[in-house]
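J.: Give me a model of this one.
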Amino acid sequence: MTTTAHRPAAAAPAAPAPSPPRPTRRQRLSVLDLKASPYLYIAPFFVLFGVVGLFPLGYTFFVSLFDWHLLTGRGEFVGLGNFTEVLRDRFFWNSLFNTVSIFLLSSIPQLAAAVLIAAVLDQNLRARTLWQMSVLLPYVVTPVAVAMIFTNMFGEQYGLINNILGSFGVDPIMWKNETLPSHIAIAAMVNWRWTGYNALILLAAMQAVPRDLYDAGAIDGAGPVRRFFSITLPSIRPTMVFVIITTTIGGLQIFTEPRLFDPVAAGGTQRQFQTTVLYLWEMAFQRQNFGKAATIAWLLFLLILLFGLVNYLVSRRIATAADGGRTGPRSGRWRRRPRAEDSVVPDAAANTGTGAPRAAAAPTTTRRTR
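T.: Predicted coordinates for the structure are as follows:
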C-alpha cells in the first residue's frame, strides 16, 4: 500500500503591519510637559542659588588669587600667595580663636536652654500662645537695640552687672578690655536673642511626637524625666541636628554683636574679641585689601564645612548608637546559613493521628561559594 504525501501550499505573505498614527502636536506637547515640567518647577531654586550662592563663592576665590585693591582694582596675579600670607598672620589666628571661643560659649548654653524651654512649653500650660510669643520677642528686637541694652549692662564703670557685684564687695570686671569677660558678654547677647527662636523650632518637633508614646511610657511606670530622655529626645533627633548645624553656621559667622559691643574699636583695643568676619571687614574696608579679604572669606568657608562635617558625623554616630547598632543586610557582617537540622518540620502523621512513621530526611550540606 502506497501513500502519497502532498506538500502543503505555501503560506500567503503576511500583510505589512499598519504604521502607528503620527502623534498630534497636542500629544507631543503633553509628553514634553510630563518630561520637562519637573525640571522647570525646581529650576528657580537652582537659578537663584547659582546667582546668590555659587557665583559669589567662585568670584571670591577669583579675587583671592590677585593683589586686589579697593580703589585701584585688580592687580597682579599672586596665585595662592594671599593664602600663605593670611595663614602666617597672627591676627587671623587670633580672630579664629575668638570666633571659636564665642561660638562655644554661646552655642552650648543656647541649645541646652532652648531644649529646656521647649520642653516646658510642650506641657499643658495656661495661655500657651502668650508664652510662645513672649519667647520669640528677643528675636524680633533689632540687634542695635540689643547691643545698646547689653553695652549698658556690661559697662565697666556704670554698668548694671558691675554695680550689682560691687554691692557684694566684688571688684568690677573689665568686660571690654579682657578676653574671657568680653567673650562671655558677647555670648550673652547671642544667647538672649537666638534661644527663643531655636526653642520654637524644637517645640514644633516635640508637638509632632505622638502622645500615645507618652501614655504608654506612663503606664509602664516611666517618670517625666525618663520619658523626656527616652521618648522626646530620640523623636526630635532630626530637628536637633538641623538646629545644631544652623547654630554652627551662624555662630562662626558672628559679626553684629562684637561690632556693636565696642563701636569705636573693631574688636577691642587689643583685638580681644575680634572675630573672623570682623577681621575680614577690617581687611576689606579699612586696609582696602580685597585679595586678602577674599582669602579670609574662603578660609572661613572651609572652616564652616569642617565643622558641619564633624556635626554630621557625630550626629550620625549618636543616631546609630541610639538605634542599638543595628545594621542592614549590606552591613558587611557574615551571617551563618541555615542548616537542615536547624529547622523543625512537624510530623504530618502526628497531625492526622495515624501514627505512621516517616522516613528521616537526608541531611543536606551547603557549600559556601565566593
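J.: Confirm that Ala222 sits in a strand.
T.: No. According to DSSP: H, G, I helix; E, B strand; the rest coil, Ala222 belongs to no strand; its state is coil.
J.: which one is it nearest to, not counting chain neighbours?
T.: Counting by C-beta to C-beta, 6 or more residues apart in numbering, the nearest residue to Ala222 once its immediate chain neighbours are dropped is Ser230, at 6.6 Å. The way it works is simple: take the backbone N, C-alpha and C, and place the C-beta from them, glycine included.
J.: Pretty sure that neighbour sits against Ala218.
T.: No. Ser230 is not in contact with Ala218 according to C-beta atoms under 8 Å; the separation is 11.8 Å.
J.: follow-up on the earlier one: what about the residue nearest to Ala222, neighbour count?
T.: When counting by other C-beta atoms under 10 Å, one arrives at 13 neighbours for Ser230.
J.: and it, that one's in a strand?
T.: No. Using three-state DSSP, the secondary structure at Ser230 is helix, not a strand.
J.: Quick check, pLDDT for it.
T.: pLDDT, Ser230: 86.
J.: what's the answer for Ser331, then?
T.: 40.
J.: and if you look at Ala322?
T.: At Ala322, the model reports a pLDDT of 55.
J.: Kindly report the same for Pro13.
T.: pLDDT, Pro13: 60.
J.: now swap in Gln110 and tell me
T.: 91.
J.: What count of nearby residues applies to it?
T.: Residues lying near Gln110 (other C-beta under 10 Å) number 23.
J.: Would it be right to say that it lies in a helix?
T.: Yes. Gln110 forms part of a helix when assessed by three-state DSSP.
J.: mind starting the numbering at 32 from now?
T.: In the new count, where the first residue is 32, that last one comes out as Gln141.
J.: can you tell me which residues contact it?
T.: 221-222, 225-226, 229, 278 (C-beta atoms under 8 Å, 6 or more residues apart in numbering).
J.: Nearest to Thr307, out of the residues you listed: which one, please.
T.: Of all those, Thr307 sits closest to Val221, with 15.2 Å by C-beta to C-beta.
J.: Please identify which helix or strand holds that closest one.
T.: Val221 belongs to helix 210-238 when assigned by DSSP states H and E.
J.: from the middle of its chain, how far away would that helix be?
T.: 17 Å (C-alpha atoms, centre = their mean, to the nearest Å).
J.: Tell me the buried residues in it?
T.: Neighbour counts over helix 210-238 (16 or more other C-beta atoms under 10 Å) mark 210, 212-234, 236-237 as buried.
J.: Give the other helices and strands that it contacts.
T.: helix 121-152, helix 159-171, helix 174-184, helix 268-283, helix 287-292 (3 or more C-beta pairs under 8 Å, 6 or more residues apart in numbering; DSSP states H and E).
J.: Let me have the ones you listed in JSON lines, extended by distance to Val256.
T.: JSON lines is the format used below for the helices and strands packed on helix 210-238 (distance: least, C-beta to C-beta, whole Å):
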{"stretch": "helix 121-152", "distance to Val256": "10"}
{"stretch": "helix 159-171", "distance to Val256": "22"}
{"stretch": "helix 174-184", "distance to Val256": "34"}
{"stretch": "helix 268-283", "distance to Val256": "18"}
{"stretch": "helix 287-292", "distance to Val256": "34"}
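J.: So for Val201, which of those sits nearest?
T.: Going by C-beta to C-beta, the one of these nearest Val201 is helix 174-184, 15.7 Å.
J.: following the closest one, which helix or strand comes up?
T.: Beyond helix 174-184 in the direction of the C-terminus, DSSP H and E gives the next helix or strand as helix 191-198.
J.: distance between that next one and the chain's centre?
T.: 40 Å.
J.: List the contacts of it.
T.: 183-187, 202-204, 206.
J.: tell me the angle of it relative to helix 210-238?
T.: Inter-element angle recorded for helix 191-198 and helix 210-238: 120 degrees (by axes from the mean of the first three to the mean of the last three C-alpha atoms, to 10 degrees).
J.: The helix or strand following the helix holding Val221 packs against which elements?
T.: Downstream of helix 210-238, the first helix or strand assigned by DSSP H and E is helix 242-250. Contacts defined by 3+ C-beta pairs under 8 Å, 6+ apart place helix 242-250 against helix 255-258.
J.: Surely Pro169 and Asn222 touch.
T.: No. With contact defined as C-beta under 8 Å, Pro169 does not reach Asn222; the gap is 9.3 Å.
J.: Give me the below-cutoff pLDDT ranges for the stretch 232-381 of the chain.
T.: In the predicted model, the stretch 232-381 of the chain carries pLDDT under 70 at residues 349-381.
J.: rerun at 80
T.: For the stretch 232-381 of the chain, the stretches flagged by pLDDT under 80 are 296-297, 342-343, 345-381.
J.: Going by neighbour count, which residues of stretch 80-98 are buried?
T.: 91, 94-98.
J.: tell me the contacts of the residue nearest to Leu118 when sequence neighbours are not counted?
T.: Using C-beta to C-beta, 6+ apart and skipping the chain neighbours, the partner closest in space to Leu118 is Leu330 (7.8 Å). Applying C-beta under 8 Å, 6+ apart, one finds that Leu330 lies in contact with 114, 117-118, 123.
J.: How far away from the center of its chain is the helix or strand where Ile335 lies?
T.: Using DSSP H and E, the element containing Ile335 is helix 321-353. Relative to the centre of its chain, helix 321-353 is centred 10 Å away, using C-alpha atoms, centre = their mean.
J.: That'll do, ta.
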